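A.B. asks: Following is a predicted model, sequence given first.
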Amino acid sequence: MKKINKYNLDKENKVTDENFFNNRRKIMASALAFPFLINSNAHSSSQKKLSFNKDLDYSTNEKTNTIKQITSYNNFYELGTGKRDPMLNASRLKSDDWNLTIDGLVENPLTLDSEDLIKKFQLEERIYRLRCVEAWSMVVPWIGFELRSLINLAKPFHNAKYVSFESILDSENLPGQKRDILNWPYREGLRMDEAINPLTMIAVGLYGKVLPNQNGSPVRLIVPWKYGFKSIKSIVKISFVEEIPVCTWNEQAPNEYGFYSNVNPYVDHPRWSQKRERRIGEFGKRDTLLFNGYSKFVSNLYTGMDLEKEF
Ligand code: MTE
């Protein structure tokens, strides 16, 4: 039997608006209540501290996951397919002398190194929910800047309709790339209006310091209203393109992973439900929210689209 379309964007907007209004008043208090919990080798004292402002407009006031949880339960297939592999193989990612190239349909193609990424932009901390397609979630205090600041620097031409992202390719060092588990390098893409949405972030750190390797050092994308696999790690290239770009999981299994991959409890993955999620560190499950709870900021991007077909 065909599933009925149960979601209603207007209703979702109202609910989320109220939540955000109530939450914002509590954010100041929560910033004090959850100080940094740095207790993991993965984020050792030798890692560089970052200076940043706290962002209150876009942060959730939910309890953040611990640095240990955030750095020991990961998806990063270049470092292995098990959840602990990225932590165990973290040193195999060579992130020194990193260059991020920005090219394609732009007036100002450019290359940035790790220092540029930290120094060229005003960094802020944003506490975002990350919801993975396998129905677990975390709350992470990311540090970074809006992707649109980078887009403004590059000055895309009018015919740049999409942004394409590419991760590191280093089959000599990365254990996952010695096997054909995915068509390497890992690739992702966004529509231009999604890319310039203020929620879309380039992260260079978490919990006050530069990104641990297993979380996508030195530079990754964060798109909090989409399933976690859109948040591509260890990016070496961002290209502005006219056609819809190749995205790794969509290429791998198009019936399971669509281009949009917006978090949507009303559209199940063919092999499991997306209605509920397990917050790492909690017992039991909680209801998954449309657009991961970010409807207020993003539902207008999808007006008129059938989110069951364009999933
Ligand atoms: N980026 C690359 N290059 N390779 C990957 O395997 N996994 C994705 C995404 N980015 C992945 C990636 C998936 S499936 C998820 S859920 C998130 O990273 C996990 O991010 P985290 O490990 O920092 O929580």
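C.D. replies: That came in fine, so what should we check first?
A.B. asks: dump the residue contacts of the one residue in the chain that gets nearest to the ligand.
C.D. replies: Per C-beta to the nearest ligand atom, Gly228 is where the chain lies closest to the ligand, at 2.6 Å. In short, each C-beta sits where N, CA and C put it, glycine included. Counting by C-beta atoms under 8 Å, 6 or more residues apart in numbering, Gly228 touches Asn75, Leu130, Arg131, Cys132, Val133.
A.B. asks: Which positions in the stretch 151-300 of the chain make contact with the ligand?
C.D. replies: Ser167, Tyr186, Asn215, Gly216, Gly228, Phe229, Ser231, Ile232, Lys233, Ser234 (C-beta under 6 Å from any ligand atom).
A.B. asks: From these, which land in strands?
C.D. replies: Ser167 (DSSP state E).
A.B. asks: And the residue nearest the centre of the chain, its phi and psi?
C.D. replies: When C-alpha atoms, centre = their mean is applied to the chain, the residue found nearest the centroid is Ile222 (2.5 Å). Main-chain torsions, Ile222, degrees, to the nearest 10: phi -130, psi 120.
A.B. asks: Would you mind measuring from it to Leu211?
C.D. replies: Distance of Ile222 to Leu211, given as C-beta to C-beta, to the nearest Å: 11 Å.
A.B. asks: list the residues that contact both of the two?
C.D. replies: Joint contacts of Ile222 and Leu211 (C-beta under 8 Å, 6+ apart) are Ala203.
A.B. asks: What number of residues are in the vicinity of Lys120?
C.D. replies: Look at Lys120: counted by other C-beta atoms under 10 Å, it has 13 neighbours.
A.B. asks: Tell me the pLDDT of it.
C.D. replies: The model reports Lys120 with a pLDDT of 95.
A.B. asks: In contact with it, which residues?
C.D. replies: Counting by C-beta under 8 Å, 6+ apart, Lys120 has contacts Leu112, Leu153.
A.B. asks: Next one: it relative to Leu153, how far apart?
C.D. replies: Taken as C-beta to C-beta, the span from Lys120 to Leu153 is 8 Å.
A.B. asks: again with Glu194
C.D. replies: 18 Å.
A.B. asks: out of those two, which sits in the busier spot?
C.D. replies: Remark: of Glu194 and Leu153, Glu194 carries more neighbours, 22 against 14, as counted by other C-beta under 10 Å.
A.B. asks: For the more buried one, give me the pLDDT.
C.D. replies: 98.
A.B. asks: My reading is that it is in a helix; is that accurate?
C.D. replies: Yes - according to DSSP: H, G, I helix; E, B strand; the rest coil, Glu194 belongs to a helix.
A.B. asks: That one against Leu301, yeah?
C.D. replies: Yes - between Glu194 and Leu301 a contact is recorded at 6.1 Å, counting by C-beta atoms under 8 Å.
A.B. asks: For these two, list the residues in contact with both.
C.D. replies: Contacts common to Glu194 and Leu301, judged by C-beta under 8 Å, 6+ apart, are absent.
A.B. asks: now the strand or helix carrying Ile151: mean pLDDT?
C.D. replies: Here Ile151, judged by DSSP states H and E, is contained in helix 147-154. Averaging pLDDT along helix 147-154 gives 98.
A.B. asks: Can we start the residue count at 747 from this point?
C.D. replies: Right, with 747 as the first residue, what we last looked at is helix 893-900.
A.B. asks: Name the surrounding residues that touch that helix.
C.D. replies: 848, 852-856, 866-867, 909, 941-944, 946-948, 967, 984, 986.
A.B. asks: Next step: those residues restricted to helices.
C.D. replies: Ala941 (DSSP state H).
A.B. asks: What are the boundaries of the strands in the chain?
C.D. replies: Using DSSP E, strands in the chain cover 799-800, 845-850, 856-859, 870-877, 882-892, 908-913, 933-937, 947-952, 955-956, 966-968, 981-987, 1022-1025, 1032-1033.
A.B. asks: Of those, which stretch is the most buried?
C.D. replies: Ranked by average neighbour count under the criterion mean count of other C-beta atoms under 10 Å, the strands of the chain are headed by strand 947-952 at a mean of 25.
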